[in-house]
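S.K.: Kindly return the folded structure for what I paste below:
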Amino acid sequence: MGHHHHHHSHDHSDLKGRNLLISIFLNIGITVAQVIGGLLSGSLALLSDALHNFSDVLSLIISFVAQRLGKKQACRKKTFGYKRAEILAAFVNAATLVVVAIILMKEAVERLLNPQQIESNLVIWLALIAIMFNGFSVLLLKKDSDHNMNMKSAYLHLLTDMMASVAVLVGGILMKYFEIYWVDAVLTMIIGIYLIYMGYDLLKESTKVLMLFTPKSVVIQDIVESICTIDPVKNVHHVHIWQLNEEEVHMEAHIDFKKDIRLSEFDEILEKIEEHVYHKHGINHVNIQPEFDKCDSKSIIVQD
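M.R.: Residues are numbered from 1 along each chain as shown. The predicted structure is shown next:
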(Lines give C-alpha, C1' and ligand atoms only; values in the text may rest on other atoms or scores of the structure.)
Protein backbone atom coordinates (compact mmCIF):
# COMPACT_ATOMS: atom_id res chain seq x y z
CA MET A 1 0.00 0.00 0.00
CA GLY A 2 1.43 3.37 -1.01
CA HIS A 3 1.41 6.33 1.30
CA HIS A 4 2.67 9.84 0.53
CA HIS A 5 1.98 13.26 1.94
CA HIS A 6 2.78 16.95 1.52
CA HIS A 7 3.03 19.25 4.49
CA HIS A 8 2.65 22.99 4.30
CA SER A 9 2.43 25.21 7.35
CA HIS A 10 1.77 28.86 8.00
CA ASP A 11 2.04 28.43 11.76
CA HIS A 12 2.44 31.48 13.96
CA SER A 13 1.44 29.51 17.06
CA ASP A 14 3.50 31.52 19.57
CA LEU A 15 1.97 34.77 18.33
CA LYS A 16 -1.52 33.22 18.28
CA GLY A 17 -1.05 31.99 21.86
CA ARG A 18 0.11 35.41 23.06
CA ASN A 19 -2.83 37.17 21.39
CA LEU A 20 -5.27 34.68 22.91
CA LEU A 21 -3.81 35.21 26.40
CA ILE A 22 -4.11 39.00 26.10
CA SER A 23 -7.74 38.62 24.96
CA ILE A 24 -8.50 36.25 27.87
CA PHE A 25 -7.32 38.76 30.50
CA LEU A 26 -9.09 41.66 28.79
CA ASN A 27 -12.36 39.74 28.77
CA ILE A 28 -12.04 38.67 32.40
CA GLY A 29 -11.79 42.37 33.29
CA ILE A 30 -14.81 43.27 31.13
CA THR A 31 -16.91 40.43 32.59
CA VAL A 32 -16.27 41.41 36.21
CA ALA A 33 -17.01 45.08 35.50
CA GLN A 34 -20.22 44.29 33.61
CA VAL A 35 -21.58 41.90 36.25
CA ILE A 36 -21.09 44.54 38.97
CA GLY A 37 -22.46 47.29 36.71
CA GLY A 38 -25.44 45.20 35.59
CA LEU A 39 -26.43 44.40 39.19
CA LEU A 40 -26.06 48.04 40.28
CA SER A 41 -27.89 49.52 37.26
CA GLY A 42 -30.53 46.80 36.82
CA SER A 43 -29.70 46.48 33.10
CA LEU A 44 -30.49 43.06 31.62
CA ALA A 45 -28.64 44.00 28.41
CA LEU A 46 -25.52 44.69 30.46
CA LEU A 47 -25.87 41.43 32.39
CA SER A 48 -26.52 39.53 29.15
CA ASP A 49 -23.41 41.13 27.67
CA ALA A 50 -21.51 40.03 30.79
CA LEU A 51 -22.78 36.47 30.30
CA HIS A 52 -21.65 36.60 26.70
CA ASN A 53 -18.28 37.94 27.82
CA PHE A 54 -17.97 35.09 30.32
CA SER A 55 -18.64 32.65 27.48
CA ASP A 56 -15.92 34.52 25.57
CA VAL A 57 -13.46 33.89 28.41
CA LEU A 58 -14.29 30.17 28.40
CA SER A 59 -14.11 29.96 24.61
CA LEU A 60 -10.76 31.78 24.53
CA ILE A 61 -9.36 29.43 27.20
CA ILE A 62 -10.60 26.43 25.18
CA SER A 63 -9.03 27.90 22.03
CA PHE A 64 -5.75 28.57 23.84
CA VAL A 65 -5.55 25.02 25.27
CA ALA A 66 -6.49 23.51 21.89
CA GLN A 67 -3.87 25.63 20.12
CA ARG A 68 -1.21 24.41 22.56
CA LEU A 69 -2.33 20.78 22.26
CA GLY A 70 -2.25 21.02 18.46
CA LYS A 71 1.53 21.55 18.65
CA LYS A 72 2.15 18.26 20.47
CA GLN A 73 3.77 15.48 18.46
CA ALA A 74 2.08 12.23 17.49
CA CYS A 75 2.93 9.05 19.43
CA ARG A 76 2.09 5.36 19.28
CA LYS A 77 -1.12 5.80 21.25
CA LYS A 78 -2.07 9.01 19.42
CA THR A 79 -0.95 8.51 15.83
CA PHE A 80 -2.59 11.75 14.67
CA GLY A 81 -1.40 13.63 17.76
CA TYR A 82 -3.86 16.38 18.78
CA LYS A 83 -4.47 17.74 15.30
CA ARG A 84 -8.24 17.67 15.83
CA ALA A 85 -8.05 19.68 19.07
CA GLU A 86 -8.66 23.04 17.38
CA ILE A 87 -11.60 21.69 15.36
CA LEU A 88 -13.13 20.32 18.57
CA ALA A 89 -12.59 23.70 20.24
CA ALA A 90 -14.34 25.43 17.33
CA PHE A 91 -17.30 23.05 17.68
CA VAL A 92 -17.60 23.63 21.45
CA ASN A 93 -17.31 27.40 21.06
CA ALA A 94 -19.89 27.53 18.29
CA ALA A 95 -22.27 25.45 20.39
CA THR A 96 -21.85 27.79 23.37
CA LEU A 97 -22.66 30.77 21.15
CA VAL A 98 -26.03 29.21 20.33
CA VAL A 99 -26.75 28.16 23.94
CA VAL A 100 -25.89 31.63 25.30
CA ALA A 101 -28.15 33.18 22.65
CA ILE A 102 -31.13 31.05 23.73
CA ILE A 103 -30.59 31.99 27.40
CA LEU A 104 -30.40 35.69 26.52
CA MET A 105 -33.57 35.59 24.45
CA LYS A 106 -35.49 33.80 27.24
CA GLU A 107 -34.42 36.49 29.73
CA ALA A 108 -35.33 39.23 27.25
CA VAL A 109 -38.90 37.94 26.88
CA GLU A 110 -39.32 37.92 30.67
CA ARG A 111 -37.97 41.50 30.89
CA LEU A 112 -40.30 42.67 28.10
CA LEU A 113 -43.25 41.41 30.15
CA ASN A 114 -41.89 43.15 33.27
CA PRO A 115 -39.92 46.28 32.22
CA GLN A 116 -37.76 47.94 34.89
CA GLN A 117 -36.12 51.33 35.32
CA ILE A 118 -32.38 51.23 34.61
CA GLU A 119 -29.40 53.37 35.67
CA SER A 120 -28.36 54.37 32.17
CA ASN A 121 -25.14 56.33 32.95
CA LEU A 122 -23.40 53.21 34.29
CA VAL A 123 -24.62 51.22 31.28
CA ILE A 124 -23.17 53.78 28.86
CA TRP A 125 -19.72 53.94 30.47
CA LEU A 126 -19.34 50.17 30.84
CA ALA A 127 -20.49 49.64 27.25
CA LEU A 128 -17.82 52.10 26.04
CA ILE A 129 -15.11 50.26 28.00
CA ALA A 130 -16.28 46.88 26.63
CA ILE A 131 -16.26 48.23 23.06
CA MET A 132 -12.65 49.42 23.42
CA PHE A 133 -11.36 46.21 25.05
CA ASN A 134 -13.22 43.86 22.70
CA GLY A 135 -12.26 45.97 19.69
CA PHE A 136 -8.59 45.55 20.60
CA SER A 137 -9.05 41.79 21.04
CA VAL A 138 -10.82 41.53 17.67
CA LEU A 139 -7.87 43.25 15.96
CA LEU A 140 -5.44 40.82 17.66
CA LEU A 141 -7.25 37.73 16.34
CA LYS A 142 -8.48 38.98 12.93
CA LYS A 143 -5.50 37.82 10.84
CA ASP A 144 -5.39 34.24 12.18
CA SER A 145 -9.19 33.86 11.94
CA ASP A 146 -8.99 33.85 8.14
CA HIS A 147 -7.32 30.43 7.94
CA ASN A 148 -7.95 28.70 11.27
CA MET A 149 -11.35 27.45 12.43
CA ASN A 150 -10.40 27.54 16.10
CA MET A 151 -9.19 31.14 15.90
CA LYS A 152 -12.29 32.03 13.87
CA SER A 153 -14.52 30.70 16.66
CA ALA A 154 -12.67 32.85 19.22
CA TYR A 155 -12.75 35.83 16.86
CA LEU A 156 -16.52 35.46 16.32
CA HIS A 157 -17.14 35.36 20.06
CA LEU A 158 -15.25 38.64 20.47
CA LEU A 159 -16.72 40.29 17.38
CA THR A 160 -20.29 39.50 18.38
CA ASP A 161 -19.61 40.71 21.90
CA MET A 162 -18.20 44.00 20.60
CA MET A 163 -21.35 44.43 18.50
CA ALA A 164 -23.47 43.52 21.53
CA SER A 165 -21.68 46.23 23.52
CA VAL A 166 -22.47 48.72 20.76
CA ALA A 167 -26.13 47.72 21.04
CA VAL A 168 -25.97 48.13 24.84
CA LEU A 169 -24.44 51.61 24.35
CA VAL A 170 -27.24 52.64 21.98
CA GLY A 171 -29.77 51.30 24.46
CA GLY A 172 -28.16 53.21 27.31
CA ILE A 173 -28.35 56.48 25.36
CA LEU A 174 -32.01 55.88 24.45
CA MET A 175 -32.84 55.13 28.08
CA LYS A 176 -30.95 58.18 29.37
CA TYR A 177 -32.43 60.77 27.02
CA PHE A 178 -35.82 59.27 26.07
CA GLU A 179 -36.59 56.91 29.02
CA ILE A 180 -37.37 54.05 26.59
CA TYR A 181 -36.59 51.22 29.02
CA TRP A 182 -38.08 48.40 26.95
CA VAL A 183 -35.27 48.93 24.41
CA ASP A 184 -32.97 47.05 26.86
CA ALA A 185 -34.92 43.82 26.33
CA VAL A 186 -35.35 44.37 22.58
CA LEU A 187 -31.59 44.84 22.12
CA THR A 188 -31.00 41.64 24.12
CA MET A 189 -33.29 39.78 21.68
CA ILE A 190 -31.39 41.22 18.70
CA ILE A 191 -28.07 40.17 20.25
CA GLY A 192 -29.42 36.64 20.77
CA ILE A 193 -30.64 36.31 17.19
CA TYR A 194 -27.31 37.54 15.86
CA LEU A 195 -25.40 35.05 18.04
CA ILE A 196 -27.43 32.15 16.64
CA TYR A 197 -26.82 33.38 13.10
CA MET A 198 -23.05 33.62 13.63
CA GLY A 199 -22.71 30.40 15.64
CA TYR A 200 -24.73 28.15 13.33
CA ASP A 201 -22.40 28.37 10.33
CA LEU A 202 -19.29 27.61 12.37
CA LEU A 203 -21.10 24.79 14.17
CA LYS A 204 -22.06 23.28 10.81
CA GLU A 205 -18.53 23.55 9.37
CA SER A 206 -16.80 22.09 12.43
CA THR A 207 -19.37 19.24 12.56
CA LYS A 208 -18.59 18.36 8.93
CA VAL A 209 -14.89 18.04 9.75
CA LEU A 210 -15.52 15.97 12.89
CA MET A 211 -17.89 13.69 10.94
CA LEU A 212 -15.22 13.13 8.24
CA PHE A 213 -17.41 14.60 5.50
CA THR A 214 -15.77 15.31 2.14
CA PRO A 215 -14.63 18.97 2.02
CA LYS A 216 -17.06 21.09 -0.02
CA SER A 217 -14.23 22.21 -2.36
CA VAL A 218 -13.53 18.58 -3.38
CA VAL A 219 -15.49 16.80 -6.14
CA ILE A 220 -14.72 13.07 -5.92
CA GLN A 221 -15.87 12.30 -9.49
CA ASP A 222 -13.44 14.89 -10.90
CA ILE A 223 -10.56 13.39 -8.91
CA VAL A 224 -11.39 9.84 -10.04
CA GLU A 225 -11.58 10.89 -13.69
CA SER A 226 -8.31 12.83 -13.52
CA ILE A 227 -6.40 9.95 -11.85
CA CYS A 228 -7.70 7.56 -14.54
CA THR A 229 -5.87 9.64 -17.18
CA ILE A 230 -2.54 8.53 -15.64
CA ASP A 231 -1.21 5.43 -17.42
CA PRO A 232 -1.53 2.49 -16.56
CA VAL A 233 -4.39 3.26 -14.13
CA LYS A 234 -7.53 1.34 -15.13
CA ASN A 235 -9.99 2.16 -12.35
CA VAL A 236 -10.28 4.12 -9.11
CA HIS A 237 -12.74 2.93 -6.47
CA HIS A 238 -13.36 2.72 -2.72
CA VAL A 239 -12.48 6.41 -2.29
CA HIS A 240 -12.51 8.23 1.06
CA ILE A 241 -11.60 11.92 1.36
CA TRP A 242 -11.73 13.84 4.63
CA GLN A 243 -10.32 16.91 6.32
CA LEU A 244 -8.18 16.21 9.39
CA ASN A 245 -7.77 19.85 10.36
CA GLU A 246 -7.30 23.26 8.72
CA GLU A 247 -4.08 22.23 6.97
CA GLU A 248 -4.52 18.57 6.05
CA VAL A 249 -6.90 16.88 3.61
CA HIS A 250 -6.51 13.09 3.42
CA MET A 251 -7.46 10.70 0.64
CA GLU A 252 -7.44 6.92 0.46
CA ALA A 253 -8.45 4.86 -2.55
CA HIS A 254 -8.09 1.49 -4.28
CA ILE A 255 -6.56 1.66 -7.76
CA ASP A 256 -6.92 -1.15 -10.27
CA PHE A 257 -4.06 -1.32 -12.81
CA LYS A 258 -4.20 -2.51 -16.42
CA LYS A 259 -1.18 -4.76 -15.95
CA ASP A 260 0.79 -6.46 -13.21
CA ILE A 261 3.32 -3.68 -12.53
CA ARG A 262 6.51 -3.87 -10.43
CA LEU A 263 6.69 -2.15 -7.06
CA SER A 264 9.22 0.38 -8.40
CA GLU A 265 6.78 1.32 -11.19
CA PHE A 266 4.01 1.75 -8.64
CA ASP A 267 6.17 4.17 -6.64
CA GLU A 268 6.65 6.33 -9.74
CA ILE A 269 2.92 6.31 -10.52
CA LEU A 270 2.08 7.07 -6.90
CA GLU A 271 4.36 10.09 -7.02
CA LYS A 272 2.46 11.37 -10.08
CA ILE A 273 -0.90 10.79 -8.38
CA GLU A 274 0.25 12.51 -5.20
CA GLU A 275 1.55 15.57 -7.08
CA HIS A 276 -1.58 15.67 -9.23
CA VAL A 277 -4.16 15.62 -6.41
CA TYR A 278 -2.11 18.05 -4.32
CA HIS A 279 -1.77 20.74 -6.97
CA LYS A 280 -5.19 20.23 -8.60
CA HIS A 281 -7.36 19.44 -5.57
CA GLY A 282 -5.43 20.51 -2.45
CA ILE A 283 -5.10 16.98 -1.05
CA ASN A 284 -1.80 16.68 0.80
CA HIS A 285 -1.96 13.16 2.25
CA VAL A 286 -2.53 10.22 -0.13
CA ASN A 287 -2.89 6.55 0.75
CA ILE A 288 -3.35 4.15 -2.23
CA GLN A 289 -4.07 0.40 -2.27
CA PRO A 290 -2.88 -1.03 -5.64
CA GLU A 291 -4.80 -3.90 -7.24
CA PHE A 292 -4.52 -6.06 -10.35
CA ASP A 293 -7.20 -8.50 -11.52
CA LYS A 294 -8.72 -8.60 -8.04
CA CYS A 295 -12.27 -9.94 -7.78
CA ASP A 296 -14.21 -7.11 -6.19
CA SER A 297 -16.59 -4.40 -7.33
CA LYS A 298 -14.77 -1.80 -9.40
CA SER A 299 -17.86 0.25 -10.19
CA ILE A 300 -18.55 1.54 -6.68
CA ILE A 301 -16.52 4.70 -6.21
CA VAL A 302 -17.62 5.39 -2.62
CA GLN A 303 -18.31 2.48 -0.25
CA ASP A 304 -17.84 1.49 3.39
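S.K.: Show me the helices in the protein, by range?
M.R.: 13-41, 44-69, 85-113, 120-145, 149-178, 183-210, 220-227, 263-281 (DSSP state H).
S.K.: Can you tell me which residue is spatially central in the chain?
M.R.: residue 149 (3.2 Å; CA atoms, centre = their mean).
S.K.: between the helices of the chain, which gets nearest to residue 76?
M.R.: With CB to CB as the measure, helix 44-69 is the member of these nearest residue 76 (17.5 Å). Every residue, glycine included, has its C-beta placed from N, CA and C.
S.K.: Check what contacts stretch 123-141 and list those residues.
M.R.: If you take CB atoms under 8 Å, 6 or more residues apart in numbering as the criterion, stretch 123-141 is touched by 19-20, 22-23, 26-27, 29-30, 33-34, 37, 41, 43, 45-46, 49, 53, 151, 154-155, 158-159, 161-162, 165-166, 168-169, 171-173, 175-176.
S.K.: how far out from the middle of the chain is the top strand by length along the chain?
M.R.: The strand that spans the most residues within the chain, counting by DSSP state E, is strand 233-243. Taking CA atoms, centre = their mean, to the nearest Å, one finds strand 233-243 lying 27 Å from the centre of the chain it belongs to.
S.K.: just stretch 241-252 next, same as before
M.R.: Centre-to-centre, stretch 241-252 and its host chain are 15 Å apart (CA atoms, centre = their mean).
S.K.: first vs last residue of that stretch, how far apart are they?
M.R.: With CA to CA, to the nearest Å as the measure, stretch 241-252 spans 7 Å from end to end.
S.K.: tell me the mean pLDDT for it?
M.R.: Averaging pLDDT along stretch 241-252 yields 90.
S.K.: Stretch 165-181 too?
M.R.: Stretch 165-181 comes out at a mean pLDDT of 83.
S.K.: one step back: so which of the helices of the chain gets nearest residue 241?
M.R.: Residue 241 sits nearest to helix 220-227 of all the helices of the chain, at 6.3 Å, using CB to CB.
S.K.: Go through the closest one and flag the buried ones.
M.R.: For helix 220-227, the buried set under the neighbour-count rule, 16 or more other CB atoms under 10 Å, comprises 220, 223-224, 227.
S.K.: And stretch 139-158, by the same measure?
M.R.: Neighbour counts over stretch 139-158 (16+ other CB under 10 Å) mark 140-141, 144-145, 148-158 as buried.
S.K.: on that earlier part again, now for the longest strand of the chain, which elements pack on it?
M.R.: helix 183-210, helix 220-227, strand 249-257 (3 or more CB pairs under 8 Å, 6 or more residues apart in numbering; DSSP states H and E).
S.K.: got a list of contacts for that strand?
M.R.: Contacts to strand 233-243, defined as CB under 8 Å, 6+ apart, come from residues 208-209, 212-215, 218, 220, 223-224, 227-228, 249-258, 269, 273, 283, 289, 297-303.
S.K.: Just the buried residues from those, in PyMOL please.
M.R.: Listed next is the PyMOL selection for buried residues among the contacts of strand 233-243, using 16+ other CB under 10 Å:
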select buried, resi 208+209+214+218+220+223+224+227+249+250+251+252+253+254+255+256+257+269+273+283
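S.K.: Any stretches of the chain with poor pLDDT?
M.R.: Along the chain, the model assigns pLDDT under 70 to residues 1-15, 45, 116-117, 303-304.
S.K.: Domain parsing of it, as residue ranges.
M.R.: 2-210, 220-291 (automatic domain parsing).
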